[in-house]
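[1] pasting the sequence and the predicted model now:
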Amino acid sequence: MSNVPVAVVTGSNKGIGFAIVRSLCKQFPGDVYLTARDAGRGQEAVAKLQEEGLRALFHQLDIDDLQSIRALRDFLKEKYGGLNVLVNNAGIAFKVRDTTPFAIQAEVTLKTNFFGTRNVCTELLPLVKPYGRVVNVSSMASNSALAGCSRELQQKFRSDTITEDELVELMKKFVEDTKKNVHEKEGWPNTAYGVSKIGVTVLSRIQARMLNETRKGDHILLNACCPGWVRTDMAGPKATKSPDEGAETPVYLALLPSDADSPHGQFLSDKTVRTW
Ligand code: NAP
């Protein structure tokens with residue numbers, strides 16, 4: 001078994017994830033895994049970094065596929081005895097002009113952004129070593145979606161005692177409510193992406209609390225963040241940040257020094273803690 005530190009970035013064949021891997025290759029003292037659901041696209045991305053003189057390793061990972069997540073888990077367990085840095089970056093967004101019915105958009109978006117990310121956490125968080133760093137890439141869209149929720153929902157999502165099971169039930173309820181076309185009446189905002197990212201931000205707050213309760217002595221720091229508005233296939237060419245600039249806050253959180261005890265359980269943008 002290797003004692004080399006290891007970092008894993010989900011959805012990193014392009015966009016912000018790719019830029020996070022590039023930055024970690026330059027700064028992280030260990031093996032950096034670029035992961036992708038499509039092995040061809042992943043290997044191509046690794047080759048592109050190689051041309052820049054950077055060494056990333058590749059492992060397949062589709063966060064929608066539990067078998068794929070478990071294969072990565074077993075690989076990390078066997079080869080490294082765990083992992084040191086996990087960046088949950090993989091995500092999807094329907095374009096504004098997309099005419100797919102809202103209920104389908106809700107189901108598909110929540111499946112990857114919330115349930116897929118949660119499944120990765122369920123399988124990989126127990127493997128995170130002491131002084132490990134976990135970064136969940138959420139979005140400022142979670143904050144604006146929260147502001148668009150009913151007072152009752154806002155209270156639940158801001159609660160310091162909400163459980164992971166309660167959050168999962170709320171995310172399922174959103175999808176069900178869109179199918180019945182009662183989501184607005186039930187207090188939800190009209191954004192599937194925004195609700196999926198509420199899920200990611202609240203999940204991060206819950207996971208950080210759980211780490212405090214069960215692994216306090218392990219000094220693991222877990223946070224959610226927004227990369228900013230970044231020029232990628234998701235956000236388009238008019239966005240204000242380059243992918244390398246978008247990677248700055250996630251990488252800052254992934255490389256928090258070993259003597260840091262904060263931030264933890266926070267939501268950050270531009271390396272600054274934001275109120276939730
Ligand atoms: P992007 O260019 O569309 O890249 C998304 C990445 O996620 C791609 O590598 C994609 O792989 C991967 N992915 C999607 N579904 C996956 C799955 N099921 N399993 C594994 N990988 C999957 O988007 P981006 O702008 O870089 O976004 C990265 C993250 O930042 C997302 O979580 C997004 O919500 C968040 N974010 C972005 C912005 C922005 O302005 N760009 C703002 C706020 C937050 P494929 O190539 O195979 O599709």
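    Structure's in. What do you need?
[2] all contacts plus neighbour counts: C-alpha atoms, from now on.
    Will do.
[3] could you check which helix or strand contains residue 233?
    Using DSSP states H and E, residue 233 maps to neither a helix nor a strand.
[4] ok, it - contacts?
    residue 15 (Cα atoms under 8 Å, 6 or more residues apart in numbering).
[5] before we move on, what about residue 164?
    Residue 164 touches 203, 206, counting by Cα under 8 Å, 6+ apart.
[6] give me every residue that touches residue 231.
    15, 237-243.
[7] out of those, who's nearest residue 188?
    residue 239 (26.9 Å; Cα to Cα).
[8] close to the ligand: what parts of this structure are there?
    10-17, 36-38, 61-64, 89-92, 112, 137-139, 226-235 (Cα under 6 Å from any ligand atom).
[9] where along the stretch 101-250 of the chain do the helices fall?
    Taking DSSP state H, counting those that start in this stretch as the criterion, the stretch 101-250 of the chain carries its helices at 102-110, 117-124, 140-147, 151-158, 164-179, 192-214, 243-246, 248-254.
[10] circling back to that earlier point, is there a quick PyMOL command that grabs whichever of the residues of the chain next to the ligand are buried?
    Buried residues among the residues of the chain next to the ligand (16 or more other Cα atoms under 10 Å), as a PyMOL selection:
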select buried, resi 10+11+12+13+14+15+16+17+36+37+61+62+63+64+89+90+91+92+112+137+138+139+226+227+228+229+230+231+232+234
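[11] so what's the residue count around residue 35?
    The tally of other residues near residue 35 (other Cα atoms under 10 Å) stands at 30.
[12] repeat that for residue 27.
    11.
[13] circling back to that earlier point, out of the helices of the stretch 101-250 of the chain, nearest to residue 43?
    Once the helices of the stretch 101-250 of the chain are compared by Cα to Cα, helix 243-246 is nearest, at 19.3 Å.
[14] return the list of helices and strands in contact with that closest one.
    If contacts are counted by 3 or more Cα pairs under 8 Å, 6 or more residues apart in numbering; DSSP states H and E, helix 243-246 sits against helix 15-27.
[15] packing partners of the helix or strand following the helix it packs on?
    As assigned by DSSP H and E, the chain's next helix or strand after helix 15-27 is strand 31-36. The helices and strands touching strand 31-36, judged by 3+ Cα pairs under 8 Å, 6+ apart, are strand 6-9, helix 15-27, helix 39-51, strand 57-60.
[16] among these, which is the most enclosed?
    strand 6-9 (a mean of 25; mean count of other Cα atoms under 10 Å).
[17] put the alpha carbons of that one into CSV.
    Extracted in CSV, the C-alpha atoms of strand 6-9 (Å, rounded to 0.1, in the frame of the first residue of the first chain):
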residue,chain,number,x,y,z
VAL,A,6,-3.9,11.3,-2.8
ALA,A,7,-6.4,13.8,-4.1
VAL,A,8,-9.5,13.1,-6.2
VAL,A,9,-11.6,15.6,-8.3
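[18] can you list contacts of that strand?
    Outside strand 6-9, the residues touching it (Cα under 8 Å, 6+ apart) are 17, 20-21, 28, 30-35, 80, 83-89.
[19] out of the contacts of residue 231, flag the one nearest to the ligand.
    Closest approach to the ligand among the contacts of residue 231 (Cα to the nearest ligand atom): residue 15, at 3.5 Å.
[20] please report how far that closest one lies from residue 132.
    With the distance defined as Cα to Cα, to the nearest Å, residue 15 ends up 24 Å from residue 132.
[21] cool, and residue 144?
    For residue 144 relative to residue 132 (Cα to Cα), the value is 30 Å.
[22] can you pick out the residue with more neighbours from these two?
    residue 132 (25 against 15).
[23] for residue 57, list each beta-bridge partner.
    Using DSSP bridges, the bridge partners assigned to residue 57 are residue 33.
[24] what subset of the contacts of strand 6-9 is buried?
    17, 20-21, 28, 31-35, 80, 83-89.
[25] in the protein, where's the longest strand?
    The longest strand of the chain (DSSP state E) is strand 128-137.
[26] which ChimeraX command selects the buried ones in the contacts of residue 231?
    The command below creates a ChimeraX selection of those among the contacts of residue 231 that count as buried (16+ other Cα under 10 Å):
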select :15,241,242,243
